[in-house]
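> The following comprises the amino acid sequence and a computationally predicted model.
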Amino acid sequence: MQLLGHLATIVIDGVSYAAWLFIISVGLTLVFGVLRILNIAHGGMYAVGAYLAAYAIGAAAANGFGAGAQLLFAATLAVACGAGLGILIEWTVLRRLYRYPEVLVLFATYAVFLIFEDATKLLWGGQSRYANAPRDALGQIRLGELIYPVYDLAMVLVAILLAVAVSLTLSSTRIGRCVTAVVFDREMSASMGINVNRIMTGTFLVGAALGTLAGALTAPKIAISSGIGVDVIVLAFAVTVIGGLGSIGGAMAGAVIVGMARAVTAHLFPQIELFAVYAAMAVVLAVRPQGLFARPEARKI
Amino acid sequence: MTPVLECVDIKKSFGGVLATQGIDLSISEREIVGIIGANGAGKTTLLNIVSGYLTPSAGRVLFRGADITGTPPRVLAKRGIARSFQIPQLFVRSTARENMMLALALLCEPRSALLRPFGDRDLEARADIVLKSYGLTGHADSVVGNLPQGVRKLLDIAMATCAEPKLLLLDEPTSGVSSEEKHDLMKGLAKRFAADAMTVLFIEHDMEIVREYASRVIALYDGRVIADGMANAVFADPEVKRLILGTRDGSAGHA
Amino acid sequence: MTLRKPDTTIVVLLLLAIGASIGAWWIPGWIRFISQMAISAALASLGAMVLLRAGLLSFGQGLFYFAGAYTAALSYKYLGLNEAVLLILFSIAISGGVAAAIGFFISNYRGIFFAMLTLAISMLVYGIAVKVSLFGGSDGLNIGLISILGFRYRGPDLQLAMFLICIWTAGLMAMVAHLFLRSRLGKVIEAIEDNEVRLEYLGTSVRSSIHAAYVLAGALGGAGGVLAALSARHVDPGFAYWTTAGDFVFIVILSGQASVLSPFFGAFALEVLRTFAAANFPDAWQMVLGTIMLLIVLFVPKGLGHIFIALGARWKARGRTVVPAAMNEETARP
Amino acid sequence: MKRFVQRALLGLAATVGLIDHELGFTAQVAAQEKIKIGFVFFLSGPGAAYGSHARDGAKLIVEALNAGKVPAPYDKVGFNGVQIEPVWADEAGGTQKQLAEYRRLVEREKVDMVIGYNSSADCNAIAPVAEELAVLTNFFHCGNPQLFEEIITKPEYSVRTAPHGTMDQVGAARYVVDRMPGVKSVAGINQNYSWGQDAWVEFKAAMTALKPDVAFKNEKFPSLGAGEYGAEISSLLSDPADVVFSSFWGGDADAFALQAKARGLPEKSKMVLTVGTGTVDTLAENAIVGSYLGARGPHGYLAKSSVLSDWFLREYQATYKRVPPLGAYAAAQGIFGIKAAYEKAANGKPGKQKTESVVGALRGLTFETANGFPITMALANGHQGIQATAYGTFAGWDKEKNAAIFRDIRIYPAECVNPPDGIKAVDWIKSGFKGAKC
């Protein structure tokens, strides 16, 4: 019975971690699918979102608003700024680079990330900030033998809602279907009259906004400090790659695999927790060289 | 005499869809065989299987009596099976001469020569000879990515034939080539086939070309051989007329 | 094999090495040290460049940097090996061997999967190195006094001798890489990005070719790592961290990949950039670095090395108008 | 093409200009008779949570010293009447970058000494170079005892005017046993790098030495900067120990405290954080009430009132509007130690002093610090300092005074929590603290 309880704990931890992973990766996956670049600046967007949320939650709390309003304000601010920054980056940097090799674009996003790193530090200072008010206000709930913050479990719901929303947008709206077409074959889409450039701009904007939103949603759980974006990038890369790049279902599967790997090692093999993520990635790629959900691309000759 | 190529009941399915459903054929030394058939009849799949790019789901491929089923193209290339492609497969960032040099260096010389310098005068001269014989001298210094489709097609064929293969597989050699040049191209190729005693299997949509240059024609429909024989006999076959040549008369036109 | 005329790259390499060896006495110590770091990074970047020629983006060059450095540090600590030249040869052999082993597996991968798998393997090794006390954990290992060709120098003499060793090891490795890249196999590597199918139909195994390139990349990475280790006399698991490999790729982006000389140029440019940013903007050096990186990517996307090529082409073009006969001969050489 | 070449030439010109600039054409001409000190602190990355405070503290002290505003015994202007000129550098970027930076500081900037380095990897890498270049280098706050036990066993120019980390673990163990005599089981969560790994090893050894029957379970090692500890906390909760020990610092400590509190971990286990006062700095009333907190020495809330320490507290609060964090104290004592030695070496002679005589004066020296507890350079032939330490229990927040309340502060004398000279720290702990004077 105790074993069962322990197992349940691991699964709950894994799922809640996976939800967070999905939230931080979904924007990256989308951008990769459409623009075919790994956007390192995503980590910078995440950090900006977290700092913005700390500001928003603090401001809302100071004016006597409750947890719901605080979160709403934080999310709105983060999404708005994220979209703005996304447009800015796309216009000033990426747009000029689409003709060039992917490696070059990758490094442009890395440069943007470095700029963001210091910009957040110069704007908000080196000391850590926190925004735990809404998380505390939502209270705790007992699951099995343990207590969990409602906020952490609500993140699972948010992740599912996000997945459903993105999938539905992709499958049921006109723009979404255009995006799907571009993911599948850029040249073909262009020849079918889809404005590929506009789709790419739009996707990058949405991806950036999802990045800041992820930061904002994470802010109440963590200490917001210099350098939080770096680890997030590698985690999000791992999730995206395991899933097979560019598919929402893939990102979900990737998040669950990495989340469970982390939970299992944290509970049972804490000594190897540090590389659980990489081991999971290596194993998945060893078995499926194109990731879990990749479409096999046979070359036509 | 052992046939150069023998296919025994070759089947290939892609995700449950049969692309070829039991192809049998046998090709003798110095035959020039044209393969005709509508799109999706399994022509390119057959070439892919014979050249080792695909492994058949069932059946065997024999090359001069030896079983080569599933042997990868790089091994077959060294044993004398060469092929050209429907979409030219070239090194687009290199010049035409460099493409040919690489082809000659890789096909005609032992592996141990791989570490010798690429920019070798002798290799260059040999490449220029081949290019000249295909009338490509004027394009030798152009980067392939900037060349027109027809020239690429020619270069693609030239690279396939440069090492005097025993069996040459051509996938639509004249597609993308202007109709005035088609016959010149085929005439030149035919001369080469005869001079080098090659056995050739070529896919072609232009029935006039097939009629003129093929010593034998194989018609494929829906992954099966529906006719095999002299050109006139095959073109006269009612099934071929109905299924491949369409309602129009079989003397010309694309399927 | 006889060379009709001396190979320009090899001549330039030799001249640079000789020049640096003579100049060494006048270069201040801190610049020598920065140069050694740049040379080490350049070798590893050269490995990344070899792979990039095949269109393969490696985020795992750090692994070989790590392998080279740790082979030296561990041999010093546990085997008592303290001869620089032996340590260098040994480290290059081991990292080449590691690359040969991983190559069987990694040569199946392309594109982003190659990048991420090399990253994952490198990070796994990083994770292990942080945990294993034999490797000194995250603090790493120090390398004490070493002898160079049997001589036991100390202080400034040791630094100078080490500088010379770095110069000549790097020069020799670069020559090896150059001979590889200008060979037929080198052309095959370049052709891989264009068309794997054709290569297979020309009787070449793409996998084996990538494998060969990967072993060379590993040996170059290991050479960089051992030089860095012997120069800094300290190694730590950070060598295998993905950002180290990211630096190497960035160096290639910075310089372009026209010649084996490019990464050396790129590594020096990056080192100067970093020193400049760190010295003048201790609070915002990342921002300065990022901004300059961005400007380079945006305005000189073919890399800074391309400036030289463009200038060279202009110069040559001017020469051509005078002596048109030279044209064919020049263009025939890629 | 022409446009490209033009653009390229412009870029080249910019690069050349940049090199020129860097190689010294615009280098500041050092004013006569100034003592140039290179200060190397983490100014970016996760370490900035600590290094930025160290820089704030150093800046304050340097400015006050130059103005002659520091109270006795440091009331003399600058060092021995000579003005101090600080040069700042960022410790982030890895050991390779630090080695290059160090040589640049010494050979190009021509600093007289370097004070800095918080990462033990950096200290290990730099120390041999400091010895080789013969530059006084105060490794002001890296914690690894191995620096002078294994890396540099006969230091000449490397010093550490701060106690090493062993004291933190020994002090924590003593405090736990003092406050919870019945403690039976201990769990640990530490970052997966040498700081966390060593801290856990030392704490386990110290607990075993003090209470041999104590059981250890649930050793967690999340990576540095993980930021999210849900699974670890679940694991610590599902099999709770009496005590959870952690050497987390910076953002990780804050995040862990917040998450542990929300999950009710402090109700099941007593939290012991060796760098825990940092969580009170940032989280204020949200820090874990009832937890046992240390500050890597008797810093901040654990400091003792003295003229010097009151002045420091007052000045820091006036300048930065907050209680000085431990990084600021560490930087202050790093400077004070060298100043004390400098003036002792001068022995009345004015002006700059030779490095060798400063180091000589530092050996065995006892000097006053900003936290009211003196440091004695007792170990490693007088190159390694020892100091008393203190632990306390965070009891909540005084809303009226807007200040943290610490209860049950225990002070452990320097000889009680630091090994005597000549024995390795870990061996000393395992020997049952042989020769400790408590």
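The structure has been received and is ready for your questions. Predicted model, so just to flag it, every value in this text is computed and none were measured. Residues are numbered from 1 along each chain as shown, chains lettered A, B, ... in the order given.

> does D:Ile386 sit in a helix, a strand or a coil?
Assigned with DSSP: H, G, I helix; E, B strand; the rest coil, D:Ile386 falls in the strand class.

> Contacts only, for it.
For D:Ile386, the contacting residues are D:Pro163, D:Met167, D:Ile375, D:Thr376, D:Ala378, D:Leu379, D:Ala414, D:Glu415, D:Asn418, by CB atoms under 8 Å, 6 or more residues apart in numbering or on different chains. Every residue, glycine included, has its C-beta placed from N, CA and C.

> close enough to count as contact, B:Leu220 and B:Gly42?
Yes: the pair B:Leu220 / B:Gly42 is scored as a contact, 5.5 Å apart, by CB atoms under 8 Å.

> Can you work out which residues contact both of these two?
B:Ile23.

> domains of chain D?
D:35-164+D:304-386, D:166-302+D:388-430 (automatic domain parsing).

> How far away from the center of its chain is the first one?
From the chain centre to the centre of domain D:35-164+D:304-386 is a distance of 10 Å (CA atoms, centre = their mean, to the nearest Å).

> Report the separation between the two terminal residues of it.
Counting by CA to CA, to the nearest Å, you get 26 Å between the two ends of domain D:35-164+D:304-386.

> Report how many residues lie close to the nearest residue to D:Ala328 once chain neighbours are set aside.
Among residues not flanking D:Ala328 along the chain, D:Gly57 sits closest, at 3.0 Å (CB to CB, 6 or more residues apart in numbering or on different chains). Applying other CB atoms under 10 Å in any protein chain shown, we find 28 residues neighbouring D:Gly57.

> With the one 3 residues further on instead?
A total of 22 residues lie near D:Leu60 under the criterion other CB under 10 Å.

> residues from chain C in reach of chain A?
Contact residues, chain C versus chain A (CB under 8 Å from any CB of the partner chain): C:52, C:57, C:105, C:108-109, C:112-113, C:116-117, C:119-121, C:123-124, C:126-128, C:130-131, C:197, C:242, C:246, C:249-250, C:253, C:283-287, C:289-291, C:293-294, C:297-298, C:301.

> So which residues of the stretch 201-350 of chain D form strands?
D:215-220, D:243-246, D:270-273, D:292-293 (DSSP state E, counting those that start in this stretch).

> before we move on, what about chain C?
C:141-142, C:234-235 (DSSP state E).

> Enumerate the positions of the host helix or strand of A:Ala276 that are buried.
Element membership of A:Ala276 [criterion: DSSP states H and E] is helix A:276-287. Of the residues in helix A:276-287, A:Ala276, A:Val277, A:Tyr278, A:Ala279, A:Ala280, A:Met281, A:Ala282, A:Val284, A:Leu285 count as buried by neighbour count, 16 or more other CB atoms under 10 Å in any protein chain shown.

> Tell me which other helices or strands that helix touches.
Using 3 or more CB pairs under 8 Å, 6 or more residues apart in numbering or on different chains; DSSP states H and E, the elements in contact with helix A:276-287 are helix A:228-243, helix A:248-268, helix C:111-131.

> Just tell me which of these ends up closest to A:Ala80.
When the helices and strands packed on helix A:276-287 are compared by CB to CB, helix A:228-243 sits nearest A:Ala80, at 19.5 Å.

> still on that earlier bit, could you dump the domains of chain D to TSV with mean pLDDT?
Compiled in TSV, those are given as follows (pLDDT from 0 to 100):
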stretch	mean pLDDT
domain D:35-164+D:304-386	94
domain D:166-302+D:388-430	93
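
> would TSV of these with distance to B:Gln21 be doable?
Formatted as TSV, these follow (distance: least, CB to CB, whole Å):
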stretch	distance to B:Gln21
domain D:35-164+D:304-386	62
domain D:166-302+D:388-430	55
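
> Of these, which is nearest A:Leu52?
Taking CB to CB, domain D:166-302+D:388-430 is the member of those nearest to A:Leu52, at 17.2 Å.

> okay, now the domains of chain B?
Using automatic domain parsing, chain B is parsed into the domains B:5-80+B:165-245, B:90-148.

> Which of the ones you listed sits closest to chain D?
Nearest of the domains of chain B to chain D, taken as CB to the nearest CB: domain B:90-148 at 16.5 Å.

> How about stretch A:187-201, which residues are buried there?
So, applying 16+ other CB under 10 Å, buried residues of stretch A:187-201: A:Ser189, A:Ile194, A:Val196, A:Ile199, A:Met200, A:Thr201.

> just the helices in the stretch 101-250 of chain C please.
C:111-131, C:155-182, C:184-194, C:196-201, C:206-232, C:242-255 (DSSP state H, counting those that start in this stretch).

> Okay, angle between the longest one and helix C:206-232 too, please.
Just to be clear, that refers to helix C:155-182. 170 degrees (axes from the mean of the first three to the mean of the last three CA atoms, to 10 degrees).

> Buried residues, helix C:155-182. List them.
C:158-163, C:165-167, C:169-171, C:173-182.

> any idea how far it is from the chain center?
The answer for helix C:155-182 is 11 Å, by CA atoms, centre = their mean.

> in what helix or strand does the nearest residue to A:Phe65 once chain neighbours are set aside lie?
Excluding the flanking residues, the one nearest A:Phe65 by CB to CB, 6+ apart is A:Phe73, at 7.2 Å. Assigned by DSSP H and E, A:Phe73 falls within helix A:67-92.

> And that helix, what does it pack against?
Helix A:67-92 packs on helix A:41-62, helix A:133-137, helix A:196-218, going by 3+ CB pairs under 8 Å, 6+ apart.
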